[in-house]
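Peer 1: Have a look at this prediction, sequence included:
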Protein chains: 2
Amino acid sequence: MKKTNFRSERMRILVVGGKGTIGQVIVGKLEKKHEVIIAGRTSGDVQVDLTEVASIERMFKKVGHVDAIVNASGAAKFQTIEAMTPEDNLVAVQSKLLGQINLVLIGQHYLLHDGSITLTTGIMKDDPIPGGASAAMANGGVAAFVKSAAIDFTQGIRINCVSPNVLEESYDAYQESFKGFVPVPAERVAMAYVKSIEGKQTGQEYKVY
Amino acid sequence: MKKTNFRSERMRILVVGGKGTIGQVIVGKLEKKHEVIIAGRTSGDVQVDLTEVASIERMFKKVGHVDAIVNASGAAKFQTIEAMTPEDNLVAVQSKLLGQINLVLIGQHYLLHDGSITLTTGIMKDDPIPGGASAAMANGGVAAFVKSAAIDFTQGIRINCVSPNVLEESYDAYQESFKGFVPVPAERVAMAYVKSIEGKQTGQEYKVY
């Protein structure tokens, strides 16, 4: 048995949302070994608004080729189904769903051979919370897209997603929405991104529950 | 044990896509016992384009209150991931995903007490086919939305979806895309819609594989 076949070389990695609660911990794990470029709406090394295709294109033109693309950002409106309007639902559609999928569709052309893409879903799709249907929709759409896109890629390109539980770090703010959920540390969630980036699996959804 | 607690009274049921391959079989099963209103883009009793919120609103204003809403329609563009553009993906977003979700968000206000909504997903989200990522995304989004929306509804409103395998009836046309899949008869798929409409379950995805 070979000692390891995880990727061990230095990579160039784009982390969208790298200044967020999960993003910071992912970046902390990656930057010891890799070149990390942080993208954010207002913070980081390069600015991007994932709800706009043109903004994603501009970001990649600035950043150029990378070995890995990670997204740890995404918004959704929480609203009970009986009060939800088609407009309310568009927040998650534009951000968590299409923002991530367009990051794949555009970013794939900036990936080097054997590159990877790692997106973010969330526990609400599997374990619903009140008012969470729009976020769940985006999470479910991304997870199914990842599983399906994985079989199409050639040139060693891989794609996975990470589905975090509510985080210990943000549990104070969210506990009214996540009653009975056992929060997980961002540290543990970040490990799943590392597995996706430095490992060899594809088409997976890593559930950190 | 009571003999049955399935719904046994005559219901008023709206079937969008009721002239399609699955829709016709669903309607055939329902119309012996219930009042069925068929909606379609160009056929049926009332016209609707699910990709337009205003068209859905117009349909419900014409139809009025119903006991059950069923959708057996939805389009997606099949395209390998490496050639897929954000525009390609919008076909499934507007039709299979938002078309169905907006049918829920608008249609819920036209549902009588103990009414139900039954949507349609598809096997590609669980068992990917080449070029199927956009359709899978829509299916996965709808399935997660259904599971989550179900816990929010009050007044006995239920919501489920049916995930059909490729149909025996359309296997000749689609067999190049579904190699190795064992097609199922539309008759068997239609039974799952009846279970959703006349039964009591909610938040389910009936997989007819």
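Peer 2: All right, it came through fine.

Peer 1: helices and strands of chain A: which one has the lowest mean pLDDT?
Peer 2: Lowest by mean pLDDT, DSSP states H and E among the helices and strands of chain A is helix A:171-174, with a mean of 92.

Peer 1: Give me the contacts around that helix.
Peer 2: The contact list for helix A:171-174 (C-beta atoms under 8 Å, 6 or more residues apart in numbering or on different chains) reads A:166, A:178, A:183. In short, each C-beta sits where N, CA and C put it, glycine included.

Peer 1: for chain A, which helix is longest?
Peer 2: In chain A, with assignment by DSSP state H, the single longest helix is helix A:133-149.

Peer 1: Next one: that helix, is it in contact with chain B?
Peer 2: Yes: Helix A:133-149 is in contact with chain B by C-beta under 8 Å from any C-beta of the partner chain, via A:133-134, A:136-145, A:147-149.

Peer 1: Tell me how far that helix lies from the chain's centre.
Peer 2: Its chain's C-alpha centre and that of helix A:133-149 lie 11 Å apart, by C-alpha atoms, centre = their mean, to the nearest Å.

Peer 1: do the same with stretch A:197-209
Peer 2: 11 Å.

Peer 1: in it, what counts as buried?
Peer 2: Of the residues in stretch A:197-209, A:197-199, A:202-208 count as buried by neighbour count, 16 or more other C-beta atoms under 10 Å in any protein chain shown.

Peer 1: what two of the residues you listed are the furthest from one another?
Peer 2: Spatial extent of the buried residues of stretch A:197-209 (C-beta to C-beta) is set by the pair A:E198 and A:K207 at 19.0 Å.

Peer 1: can you map out the strands along chain A?
Peer 2: A:12-16, A:35-40, A:46-47, A:66-71, A:111-120, A:158-164, A:205-208 (DSSP state E).

Peer 1: Now tabulate those strands in a markdown table and tack on distance to chain B.
Peer 2: Putting the strands of chain A into a markdown table (distance: least, C-beta to the nearest C-beta, whole Å) gives the following:
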| stretch | distance to chain B |
| --- | --- |
| strand A:12-16 | 16 |
| strand A:35-40 | 18 |
| strand A:46-47 | 19 |
| strand A:66-71 | 14 |
| strand A:111-120 | 10 |
| strand A:158-164 | 9 |
| strand A:205-208 | 10 |
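
Peer 1: Make CSV out of these and add distance to B:F6 and mean pLDDT.
Peer 2: Formatted as CSV, those follow (distance: least, C-beta to C-beta, whole Å; pLDDT from 0 to 100):
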stretch, distance to B:F6, mean pLDDT
strand A:12-16, 49, 98
strand A:35-40, 53, 98
strand A:46-47, 56, 98
strand A:66-71, 45, 98
strand A:111-120, 41, 97
strand A:158-164, 35, 98
strand A:205-208, 35, 98
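
Peer 1: With distance to B:Y171 as extra columns, can I get these in JSON lines?
Peer 2: JSON lines is the format used below for the strands of chain A (distance: least, C-beta to C-beta, whole Å):
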{"stretch": "strand A:12-16", "distance to B:Y171": "41"}
{"stretch": "strand A:35-40", "distance to B:Y171": "45"}
{"stretch": "strand A:46-47", "distance to B:Y171": "48"}
{"stretch": "strand A:66-71", "distance to B:Y171": "38"}
{"stretch": "strand A:111-120", "distance to B:Y171": "33"}
{"stretch": "strand A:158-164", "distance to B:Y171": "29"}
{"stretch": "strand A:205-208", "distance to B:Y171": "30"}
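
Peer 1: Out of those strands, which is closest to A:N5?
Peer 2: Proximity to A:N5 (C-beta to C-beta) singles out strand A:111-120 among those, at 12.0 Å.

Peer 1: And the closest one, what's buried?
Peer 2: The neighbour-count check on strand A:111-120 (16+ other C-beta under 10 Å) flags A:111, A:115-120 as buried.

Peer 1: That one pairs with which strands, and in what direction?
Peer 2: strand A:66-71 (parallel), strand A:158-164 (parallel) (DSSP bridges).

Peer 1: So what touches it?
Peer 2: Outside strand A:111-120, the residues that touch it by C-beta under 8 Å, 6+ apart are A:7, A:22, A:65-74, A:100, A:103-104, A:107-108, A:142, A:146, A:155-164, A:193, A:196-197, A:202.
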